[in-house]
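*Asks:* Turn this into a structure:
(chains A, B and C)
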Amino acid sequence: MNAEQRSQEPTETPEGSALPSPSRRRLVRGVAGGAGVLLSVHAKTALGAGVCKSPSAMMSGNTSPRPGNGTTCSGGRSPGFWKQPQKFSNWPAAGAVAPTFNVAVNNCATGMQNLTLANILTHGTLLTTAGFAGAPAGVGLWAVLAFPNSFTGGQLMRHLSAAWLNAGLFTGLSDKYPLTKQQVIDMWNATKSGGTYCPGSIVGGCGTNGWSSTQVINYISGMYDINASGVEPDLCKP
Amino acid sequence: MLPIDTVLHIAPYTVRLRSPLVGLQHHLDTFYANAPRGSTQDFIDFDVQVLPASGLRRWWHPQARFVLDGEEPFFPLPAEQAGPLFEWGMNWCVAQRPLGQLVMHAAVVALGDDALMAPGFPGAGKSTLCSALVHLAGWRLLSDELAILDPAVGALLPHPRPISLKNASIPVVQAFAGVRLGPVYRDTRKGDITHAACPAGSLCMADRPAKVRWVVFPRFETGAAPHCEALSRAEAFVLISEQSFNNERMGEVGFDALCALLTGAECFEMVYGSTDDALALVRQITGSDGKGAAP
Amino acid sequence: MLIVIAPGRALRWAPRWPCSPDAVLFDASSGDYWVLSSEGRRVLEWLQAELAVERDLLLSRLSLLTEAAEAMLASLGAAGLLVAMVDGVVTAVPSGVAADD
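*Replies:* Predicted coordinates:
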């Protein structure tokens, strides 16, 4: 995918927005008689969307100006990137082994080619091997990246797996992931059973401001694709 | 020492800008020559650098990067687009770090201290409408993108910067009397873009907030018969929220501020097929002749 | 079966704007918001005042046919505003004929 096409644009065109449609306006006008709820909007959280920062910087607000330290943050790539067979060449650089399948996967197509969990021949790096203690035994990173809903707590494992891979791959000064693999494991250990995560560097602890698993997910997913353009394997020419 | 190292007062913020890029210097000379300058002793709201890319991209298809407080929020652009990159970056700065204000995605113009706010649905023709009101009908520009509401005073703060114009709106605005456009950047991520300078009169009034009296949702449709229709405030609340809070949740202060804004305003949808029709509809909505304050 | 406002909500109403029968309701905890019809607003206001109301009593207060009233309560539940409580256990607001209360 062309990195130039996936920029974080700061103005206009929030995703999914369109002109106010006549049908949408009728709903809000209350023409649908008898209905209690005309419209229901669940807010996305403010955590991390569009901003690449370490957890401690995120928690501390970090509004004072300071000079750059020469390191540029990268938000890493999303589960949608990591799960694609076409991107498996990035797994070794991230310190992981990709899965293999019992069907041929064409490197030059896009998408998942209708792969399912049943097509796994070898699992690649397992969650437990990566350090996610208490994760389902025998299940690989790829399985939760691609099919999170097949596992209890799958969404948390999915995003933490992406974060773990990002921590292994984005290590350069110009695109440095703000978490280490150990920090990703710390997030897992803290939140997997319903607890909250607090970075060790916060002096005095987090009090009631520790992050739940939902907030961990929002933090990690809010950064995806920020300054993460340098690793596209150019497998196929149009 | 970087060639550009300056502190700009871009109301209501103070921005420190450092960059070695010649293209950005041209952009500053064109659009910010009259912006008040400060010093590094002032409290800096946004510490911005526009830097060349590192490594190969410093020389080969050179790129420019927008860096805020040492962090880089989005992808680089080609170095010749340093000017647009600065403008997009400033929009991002204000939208992402509101500093106690409620920031909504909308164009804002005013007659005297009465503001008209046009929430920013893509493709609605907001920027062309904004340019027309400013250059042809005597309205002052508060912003073409960012409605900055100060909850303490219940009014919008001016943030006058160049108006961003894209594609089909460029030739339309180019024809307006008195408009001053910068260079046209071809084939950017958004197509062709340029900027229209903020009129001097708007810059002079950059310290005067304006209360919203009209919320207008513009809808440009080629060949449409001009008409406008009142919206309920509940409807306007939803539409503004939808456009403005996509990446963040509205807090309680924002909710109260938006409700207060709507309580004091009339809300309309406006459909038009030409600039003249748009100006006529605005005159109808605001009861003004465009030459002075609304009655 | 009691109907209560979903736990954890910190609800705020937008002003009663003239010429606007619809009501905007905001949850300060999450940033979620809803647009409610006038009947929906009445239900929420009853529950804000009375904290918990028997489902049948709520249904009888609404000037709607039973099916419509049940659907309306269920929609408020589905939107995350209301829950049902039976013997102290929280469940979803039922959509049709309820199980034995």
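*Asks:* Contact distance from chain B - what residues of chain C qualify?
*Replies:* Residues of chain C lying close to chain B (CB under 8 Å from any CB of the partner chain) are C:12, C:14-15, C:17, C:19-20, C:22-24, C:26, C:28, C:30-31, C:33, C:35. Quick note: C-beta positions are derived from backbone N, CA and C, even for glycine.
*Asks:* one more time with 6 Å, if that's ok
*Replies:* By CB under 6 Å from any CB of the partner chain, the part of chain C that sits against chain B consists of C:14-15, C:17, C:20, C:22, C:24, C:26, C:28, C:31, C:35.
*Asks:* Just the closest residue of chain C to chain B, please.
*Replies:* Closest approach between chain C and chain B, counting by CB to the nearest CB: C:Gly31, at 2.9 Å.
*Asks:* Correct me if wrong: that residue contacts B:Met250.
*Replies:* Yes: C:Gly31 lies in contact with B:Met250 (CB atoms under 6 Å); the separation is 5.3 Å.
*Asks:* and the gap between C:Pro47 and A:Ala96?
*Replies:* Pro isn't right for residue C:47; it's Leu. Computed as CB to CB, to the nearest Å, the C:Leu47 to A:Ala96 distance reads 51 Å.
*Asks:* And these two? Which one has more around it.
*Replies:* Taking neighbours as other CB atoms under 10 Å in any protein chain shown, C:Leu47 and A:Ala96 compare with A:Ala96 leading, 23 against 20.
*Asks:* now stretch B:215-232: mean pLDDT?
*Replies:* Average pLDDT, stretch B:215-232: 92.
*Asks:* start to end distance for it?
*Replies:* End-to-end distance for stretch B:215-232, by CA to CA, to the nearest Å: 11 Å.
*Asks:* Quick check: buried residues in it?
*Replies:* Neighbour-count burial for stretch B:215-232 flags B:215-220, B:226, B:228, B:231-232 (criterion: 16 or more other CB atoms under 10 Å in any protein chain shown).
*Asks:* In CSV, list these along with secondary structure.
*Replies:* Formatted as CSV, those follow (DSSP: H, G, I helix; E, B strand; the rest coil):
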residue, secondary structure
B:Val215, strand
B:Val216, strand
B:Phe217, strand
B:Pro218, strand
B:Arg219, strand
B:Phe220, strand
B:Pro226, coil
B:Cys228, strand
B:Leu231, coil
B:Ser232, coil
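*Asks:* so which of the residues you listed would you say is closest to C:Leu59?
*Replies:* Nearest to C:Leu59 among those, counting by CB to CB, is B:Ser232 at 28.3 Å.
*Asks:* Just list the residues touching the closest residue to B:Lys190 other than its chain neighbours, thanks.
*Replies:* Leaving aside its sequence neighbours, B:Lys190 sits nearest to B:Lys166 (CB to CB, 6 or more residues apart in numbering or on different chains; 5.5 Å). Shown in contact with B:Lys166 (CB atoms under 6 Å, 6 or more residues apart in numbering or on different chains): B:190-191, B:193.
*Asks:* How about B:Pro73?
*Replies:* Listed by CB under 6 Å, 6+ apart, B:Pro73 has no contact partners.
*Asks:* Surely it is within a helix?
*Replies:* No: looking at B:Pro73 with three-state DSSP, it is coil, so not inside a helix.
*Asks:* element containing the closest residue to A:Lys181 other than its chain neighbours, please.
*Replies:* Nearest non-adjacent residue to A:Lys181, counting by CB to CB, 6+ apart: A:Ala167, 4.6 Å away. Using DSSP states H and E, the element containing A:Ala167 is helix A:154-169.
*Asks:* Within the sheet, what are the partner strands of whichever helix or strand comes after that helix, with directions?
*Replies:* Going down the chain from helix A:154-169, the next helix or strand is strand A:171-172, by DSSP H and E. Note on strand A:171-172: by DSSP bridges, its sheet partners are strand A:175-176 (antiparallel).
*Asks:* Please flag which of the contacts of B:Lys166 sit within strands.
*Replies:* Judged by DSSP state E, strands contain the following of these: B:191, B:193.
*Asks:* Pull out the buried positions in the one helix or strand A:Val144 maps to.
*Replies:* Using DSSP H and E, A:Val144 falls within helix A:141-146. Neighbour counts over helix A:141-146 (16+ other CB under 10 Å) mark A:141-146 as buried.
*Asks:* Pull the number of nearby residues for B:Ala257.
*Replies:* With neighbours defined by other CB under 10 Å, the count for B:Ala257 comes to 20.
*Asks:* Next one: residue 83, what pLDDT does it get?
*Replies:* Just so you know, I chose chain A. A:Lys83 carries a pLDDT value of 87.
*Asks:* Let me rephrase: I mean chain B.
*Replies:* Per-residue pLDDT puts B:Gly83 at 93.
*Asks:* Helix or strand: which one has it?
*Replies:* If you go by DSSP H and E, B:Gly83 is part of helix B:82-96.
*Asks:* and that helix, does that touch chain A?
*Replies:* Yes: part of helix B:82-96 sits near chain A under the criterion CB under 6 Å from any CB, namely B:88, B:91-92.
*Asks:* Going by neighbour count, which of those comes out on top?
*Replies:* Most neighbours among these, by other CB under 10 Å: B:Trp88, with 26 neighbours.
*Asks:* Kindly give the local confidence score, pLDDT, for that one.
*Replies:* Predicted confidence (pLDDT) for B:Trp88: 87.
*Asks:* near chain A at all, stretch C:22-36?
*Replies:* Yes: against chain A, stretch C:22-36 shows contacts by CB under 6 Å from any CB at C:22, C:30-35.
*Asks:* per-residue confidence averaged over that stretch?
*Replies:* In this model, stretch C:22-36 has a mean pLDDT of 90.
*Asks:* what's the first-to-last distance across that stretch?
*Replies:* Using CA to CA, the two ends of stretch C:22-36 sit 6 Å apart.
*Asks:* Show me how far that stretch is from its chain's centre.
*Replies:* Relative to its parent chain, stretch C:22-36 has a centroid offset of 13 Å by CA atoms, centre = their mean, to the nearest Å.
*Asks:* buried stuff in that stretch?
*Replies:* Neighbour-count burial for stretch C:22-36 flags C:22-28, C:31-36 (criterion: 16+ other CB under 10 Å).
*Asks:* and the residues you listed as a markdown table, adding distance to A:Phe81 and secondary structure?
*Replies:* Listed next are the buried residues of stretch C:22-36 as a markdown table, based on distance: CB to CB, whole Å; DSSP: H, G, I helix; E, B strand; the rest coil:
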| residue | distance to A:Phe81 | secondary structure |
| --- | --- | --- |
| C:Asp22 | 42 | coil |
| C:Ala23 | 43 | strand |
| C:Val24 | 38 | strand |
| C:Leu25 | 38 | strand |
| C:Phe26 | 36 | strand |
| C:Asp27 | 34 | strand |
| C:Ala28 | 36 | coil |
| C:Gly31 | 28 | coil |
| C:Asp32 | 30 | coil |
| C:Tyr33 | 33 | strand |
| C:Trp34 | 35 | strand |
| C:Val35 | 37 | strand |
| C:Leu36 | 40 | strand |
